[in-house]
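Novice: Provided below are the primary sequence and the corresponding predicted coordinates.
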Amino acid sequence: MLSQDENTKLRHAVYWLLIISSVGVMVGRILTVSADHGRTPFLSANDRSRWCTIRSLVDHGTYVIDAVVLKPGSDEFDRDWHSIDMARHRGHDGEEHFYSSKPTLLPTLLAAKYWLIKHTFGATLDRNPFYVGRAILIVCNVLPLVLFFVLLCRLVERYGQVVWGRIFIVTCATWGTFLTTFAVTLNNHLPAAVSSLIAIYATLAIWNDDERRWRYFAIAGLFSAFTAANELPALSFFAVITVAVLYKAPKPALVAFVPAAAIVAFGFFYTNHLAHESWRPAYAHRKDGELLLALPYEKAQLRSGKVSEELRERINASSKEIDAGLSPRATISDAPIIKEYWKGSLVKQRCVLWDPEGHDRFALLLVGDEIPQLQVHAWDNWYEYETSYWRRENKSGVDVGESSRLAYAFHVLIGHHGILSLTPIWLFSIFGVALLLCQYNCCGDHGKALNSQIEKIMAFIGLRVSTERPRYQLCAFAVMVVVLTCVCLAFYTARPVHDRNYGGMSCGLRWMFWFTPMWLLVMLPAADVIADNRCWRIVTGSLLFVSVSSASYATLNPWVHPWIYTYLQYLNH
């Protein structure tokens, strides 16, 4: 029989063995990562988009990526650097340029590391992409994950109560989630997950342990805001953390939390404005701009070709964006027959007016059914350009979007991109939440009836909760996790058709990866309960096996479809 001290040392040894083995595999994968053509370590358009910004900032001193994605002296794309995740709009010089469509803060921070490597070792992304790329991946992906594992172990030690349950959570973290899968590629999901755990670590210390040192508030503010900077829906997470720390300790929250969060907000908006001359990020420029003028349809026919004199004069008089007016070279693109709605009005046709001399663009819409009207809108669709993949006629596969919200919700939860089907360990997170909210009387008197029902269900399946164990002090945290999970799932399900694409070509629903630390922590009570039952430990091990297999399926390249999706495609053929 081990003493308590020996038991603790053994647990810590197991933690470190799990961490070391996971980190070793990640580093080994990074040292072999390579694109299909073998010339760069960039695996997809998604990560290449960020690499383009990093290289352009350090090598060319600009967010414009023309010199990176285009071959020198040519309008032809360089295959090694070309990405579909690009935006195109007018830049500081009044001409249109290519930009990464990704938020600017993270690539700007990573560019500082590239600058250091370039000026220390003389290596560049152009000449030495493998050396530089792999070094940055190890520093920016693997090292933060080591911190992630260490902090999670400390939280597991703080809130867990059974040896088996604690070790199971750490095993899930090091091997059973998609975070380690994405260590071989530059992405925003891994930094968001690490940041969310750091913010949770500091916030739980403030909430449960009455920690009042200002550095904890500063850490909570900085990293909860950075989570939101990397994942837009995580604004809800930032809002909840803000309310929690302000409620617990208003003074240190105002003095330390708010300024730390403001630093991230300033960096996010300042770098975005520096790149795009707009406070809104690139992905917010995906629709036609403000209405400049409206004409009766018979006054200006919507036809492809050159612009009529009357239409040119009306646009020149209504738009402040044109310095010298539209030139005679201005043309109207082909007007396809479409059927969609713009602010409640039926749009029958839409085309683009383009003036190559002034680099001026306008959207022309034929609106209305009984009395058609030609509307001229300012240009604000940065994803629409001649070679853009995101034009309606160019998209393919899952990027076309799932038309049925019900089908989308099904596949997001238990279907081919399902959170629960690919990583079924999260079923125990649901069980853990139920235990936190009811079994441990977190809901007070209102939860007694439900608590009784859960006890009956647990007894029926052979599980029992000891009444001698103390409460987990994670009840409020469990409420937060449930609310945020439901809010984000509803957000993604309610998106328009073109956004319901399961995260595109990805081995899992990557938009929800930042929830990983939360789902792991609320799993603790379930893991502790299961520890006493041999049959349920076998079930748990089986579900962990499936989760590890799903995470390992894309071990060489996470930018592939999940194995369930691929298998369903195989069956359909």
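Specialist: Arrived safely.

Novice: am I right that residue 15 is in contact with residue 171?
Specialist: No: the pair residue 15 / residue 171 is not scored as a contact, 9.5 Å apart, by C-beta atoms under 8 Å. Yep, even glycine has a C-beta here, placed from its N, CA and C like the rest.

Novice: can you pull out the helices in the stretch 251-400 of the chain?
Specialist: Here the stretch 251-400 of the chain has its helices, by DSSP state H, counting those that start in this stretch, at 258-276, 309-318.

Novice: return the most buried member of the ones you listed.
Specialist: helix 258-276 (a mean of 18; mean count of other C-beta atoms under 10 Å).

Novice: now for that helix, which elements pack on it?
Specialist: helix 105-121, helix 214-230 (3 or more C-beta pairs under 8 Å, 6 or more residues apart in numbering; DSSP states H and E).

Novice: same thing but at 10 Å, please
Specialist: Counting contacts by 3 or more C-beta pairs under 10 Å, 6 or more residues apart in numbering; DSSP states H and E, helix 258-276 is packed against helix 45-60, strand 86-90, strand 96-100, helix 105-121, helix 214-230, helix 235-248.

Novice: got the angle between that helix and strand 96-100?
Specialist: On the basis of axes from the mean of the first three to the mean of the last three C-alpha atoms, to 10 degrees, helix 258-276 is oriented at 140 degrees to strand 96-100.

Novice: same for the biggest helix by length in the chain, what does it pack against?
Specialist: The longest helix of the chain (DSSP state H) is helix 4-30. In this structure, helix 4-30 packs against helix 129-137, helix 143-159, helix 163-175, with contacts taken as 3+ C-beta pairs under 10 Å, 6+ apart.

Novice: that helix - what's its average pLDDT?
Specialist: Mean pLDDT, helix 4-30: 92.

Novice: buried set for that helix?
Specialist: For helix 4-30, the neighbour count (16 or more other C-beta atoms under 10 Å) marks 11, 14-15, 18-19, 22-23, 25-27, 29-30 as buried.

Novice: of the residues you listed, closest to residue 515?
Specialist: residue 22 (19.5 Å; C-beta to C-beta).

Novice: pretty sure that closest one contacts residue 152?
Specialist: No: counting by C-beta atoms under 10 Å, residue 22 sits too far from residue 152 to count as a contact (11.9 Å).

Novice: overlap in contacts of the two?
Specialist: 170, 173-174 (C-beta atoms under 10 Å, 6 or more residues apart in numbering).

Novice: so, low pLDDT: which residues of this protein?
Specialist: 1-3, 297-304, 318-324, 334-348, 369-371, 439-471, 573 (pLDDT under 70).

Novice: and the helix or strand residue 489 falls within, what other elements does it pack with?
Specialist: In this assignment (DSSP states H and E), residue 489 forms part of helix 475-493. If you count contacts as 3+ C-beta pairs under 10 Å, 6+ apart, helix 475-493 packs onto helix 189-208, helix 235-248, helix 405-413, helix 426-434, helix 516-522.

Novice: for that helix, which positions count as buried?
Specialist: Neighbour-count burial for helix 475-493 [16+ other C-beta under 10 Å]: 475, 477-482, 484-485, 488-489, 492.

Novice: that one versus helix 405-413: what angle between them?
Specialist: 130 degrees.

Novice: need the contact list for residue 226.
Specialist: 105-106, 109, 191-192, 194-196, 198-199, 234, 238, 260-261, 263-265, 267-268.

Novice: re the thing from before, can I get the shared contacts of residue 22 and residue 152 in a markdown table including distance to residue 6?
Specialist: Output for these, formatted as a markdown table (distance: C-beta to C-beta, whole Å):
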| residue | distance to residue 6 |
| --- | --- |
| 170 | 19 |
| 173 | 24 |
| 174 | 23 |
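
Novice: residue 412: which of these is nearest?
Specialist: Distances from residue 412 to these, taken by C-beta to C-beta, are shortest for residue 173, at 22.5 Å.

Novice: correct me if wrong: that closest one contacts residue 520.
Specialist: Yes: between residue 173 and residue 520 there is a contact under C-beta under 10 Å: 5.6 Å.

Novice: now do the same end-to-end measure for stretch 420-433.
Specialist: 15 Å (C-alpha to C-alpha, to the nearest Å).

Novice: tell me how far residue 521 lies from residue 160.
Specialist: When distance is defined by C-beta to C-beta, to the nearest Å, residue 521 is 10 Å away from residue 160.

Novice: shared neighbours of these two, which are they?
Specialist: 169, 472.

Novice: ok, back up a step: so which of the helices and strands packed on helix 258-276 is nearest residue 400?
Specialist: helix 45-60 (16.5 Å).

Novice: can you point out the buried residues in that closest one?
Specialist: Buried, per 16+ other C-beta under 10 Å, within helix 45-60: 45-59.

Novice: tell me which of the residues you listed is nearest to residue 436?
Specialist: For the buried residues of helix 45-60, the nearest to residue 436 is residue 46 (35.6 Å; C-beta to C-beta).

Novice: skipping adjacent residues, who's closest to that closest one in space?
Specialist: The shortest distance from residue 46 to any non-neighbouring residue, by C-beta to C-beta, 6 or more residues apart in numbering, is to residue 85 (5.8 Å).

Novice: what does residue 553 give?
Specialist: Closest to residue 553 by C-beta to C-beta, 6+ apart is residue 563, at 4.6 Å.

Novice: for the closest residue to residue 478 other than its chain neighbours, what are its contacts?
Specialist: Spatial nearest neighbour of residue 478, chain neighbours left out: residue 436 (4.0 Å); criterion: C-beta to C-beta, 6+ apart. By C-beta under 10 Å, 6+ apart, the contact set of residue 436 is 442-443, 471-479, 481-482, 521-522, 524-526.

Novice: pretty sure residue 128 contacts residue 122?
Specialist: Yes: Residue 128 lies in contact with residue 122 (C-beta under 10 Å); the separation is 8.7 Å.

Novice: quick one, which of those two is more surrounded?
Specialist: Shown here are residue 128 and residue 122; by other C-beta atoms under 10 Å, residue 128 has more neighbours (16 against 9).

Novice: show me what contacts the more buried one?
Specialist: Neighbours of residue 128 in contact, by C-beta under 10 Å, 6+ apart: 117-118, 121-122, 134-135.

Novice: redo that, cut-off 6 Å
Specialist: Residues near residue 128 by C-beta atoms under 6 Å, 6 or more residues apart in numbering: none.

Novice: next, it: phi, psi?
Specialist: phi -130, psi 60 (degrees, to the nearest 10).

Novice: please report the distance of residue 236 from residue 487.
Specialist: 5 Å.
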